[in-house]
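Colleague: Whatever this is, show me its structure:
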Amino acid sequence: MRLLTAFAAAAVMAMPANATTLFGQDFDSAPVANNATNIPGFTVSGQVDVIRSGQSGVTCVGGIGRCVDLVGSNNIGSITSTGINFIGGKLITVAFDLAGNPRATPTTDTFNFALDFTNPETIARFTLGSGFQGSYGGTGANRTGFGTYTETIVRNRAFGRYVLSFVPTSAGTLRLTFGAGGPNDSSGPILDNVSVSSTVVPEPGSWVLLLAGFGLVGLASRCRRKSVTA
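Modeller: Numbering: from 1, shown residues only. Modelled structure (predicted):
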């Protein structure tokens, strides 16, 4: 049993190291403002509002802090991140929280998202995780980005976590753009908790070791229970 336990411990050690944060913005440090121009880590185009949780009926993630309404007081807008540097051969994960505006009418908003690279990149692996509807992104050489993702967001929709990940073959720089496509009525999709992280890509052999280790420990545990019952 001790040998099996040691085997499982070795398997756990073979798992990927903790993720390194490359970029993170929960907007809590951004000044509350209609038609905001000062959002750390982002450049604003058009008009967006930085709002406090509870303001205008909007609840930010967790019911605290601040978040961004992607339609400002008089016009639609977008925010684009500063350049985010990444290392080749690692798993890059992009995540953010998105909700519908609590206003009753009209019943939907249009949300746009884009991930672009400063220089063309070769993407060896791409995974579309939670949140996204339909297809987006992909693999291949000489990619300048993943295009524009568009979704209709129902009003009053609760926050959902959007996640995608990819493995570039070389180092580079990416930018994220979040925007609204209308209607232009001073209330739009609500954005919070944007993050980009980097993780070592696990080798296939590591996962085999991990699964085998836990499998053997589970088998030994079942055998012990059977012997005790007998």
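Colleague: Excluding chain neighbours, what is closest to Gln133?
Modeller: In this structure, Gln133 finds its nearest non-sequential neighbour in Glu151, 5.6 Å apart by Cβ to Cβ, 6 or more residues apart in numbering. (Glycine included, C-beta is placed from N, CA and C.)
Colleague: and the host helix or strand of the one you found, what does it pack onto?
Modeller: Using DSSP states H and E, Glu151 sits within strand 140-154. Contacts defined by 3 or more Cβ pairs under 8 Å, 6 or more residues apart in numbering; DSSP states H and E place strand 140-154 against strand 108-128.
Colleague: quick one: average confidence on the strand it packs on?
Modeller: For strand 108-128, the mean per-residue pLDDT is 97.
Colleague: same thing with stretch 185-195?
Modeller: pLDDT averaged over stretch 185-195 gives 94.
Colleague: What are the contacting residues of that stretch?
Modeller: 21, 23-27, 56, 58, 60-61, 65, 67-74, 76, 79, 81, 93-101, 103, 106, 109, 111, 153, 159, 176, 178, 180 (Cβ atoms under 8 Å, 6 or more residues apart in numbering).
Colleague: Dump the C-alpha coordinates for it into PDB.
Modeller: Presented in PDB, the C-alpha positions along stretch 185-195 are these (Å, rounded to 0.1, in the frame of the first residue of the first chain):
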ATOM      1  CA  ASP A 185     -29.700  53.100 -25.100                       C
ATOM      2  CA  SER A 186     -27.200  53.800 -22.200                       C
ATOM      3  CA  SER A 187     -27.300  50.200 -20.900                       C
ATOM      4  CA  GLY A 188     -25.400  47.300 -22.200                       C
ATOM      5  CA  PRO A 189     -23.700  44.000 -21.400                       C
ATOM      6  CA  ILE A 190     -21.900  43.900 -18.000                       C
ATOM      7  CA  LEU A 191     -18.200  42.800 -18.000                       C
ATOM      8  CA  ASP A 192     -16.200  41.800 -14.900                       C
ATOM      9  CA  ASN A 193     -13.000  39.800 -13.900                       C
ATOM     10  CA  VAL A 194     -10.900  39.700 -17.000                       C
ATOM     11  CA  SER A 195      -7.800  37.500 -16.700                       C
END
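Colleague: Flag every buried residue along the strand holding Glu151.
Modeller: Residues 143, 145-146, 149, 151, 153 are the ones in strand 140-154 that count as buried (16 or more other Cβ atoms under 10 Å).
Colleague: Outline the domain layout of the chain.
Modeller: 1-16+203-230, 21-201 (automatic domain parsing).
Colleague: which stretch in the ones you listed has the least confidence?
Modeller: Sorting these by mean pLDDT places domain 1-16+203-230 lowest, at a mean of 44.
Colleague: and Leu164, what are its bridge partners?
Modeller: Here Leu164 shows beta-bridge partners Val94, Leu128, assigned using DSSP bridges.
Colleague: one step back: who does the strand holding Glu151 pair up with?
Modeller: strand 108-128 (antiparallel).
Colleague: Show me the contacts of stretch 185-195 that map onto strands.
Modeller: Members of the contacts of stretch 185-195 lying in strands (criterion: DSSP state E): 21, 23-25, 67-69, 79, 81, 93-99, 109, 111, 153, 176, 178, 180.
Colleague: Gly131 - that's part of a helix, no?
Modeller: No - in this structure, Gly131 is coil, not part of a helix, as judged by DSSP: H, G, I helix; E, B strand; the rest coil.
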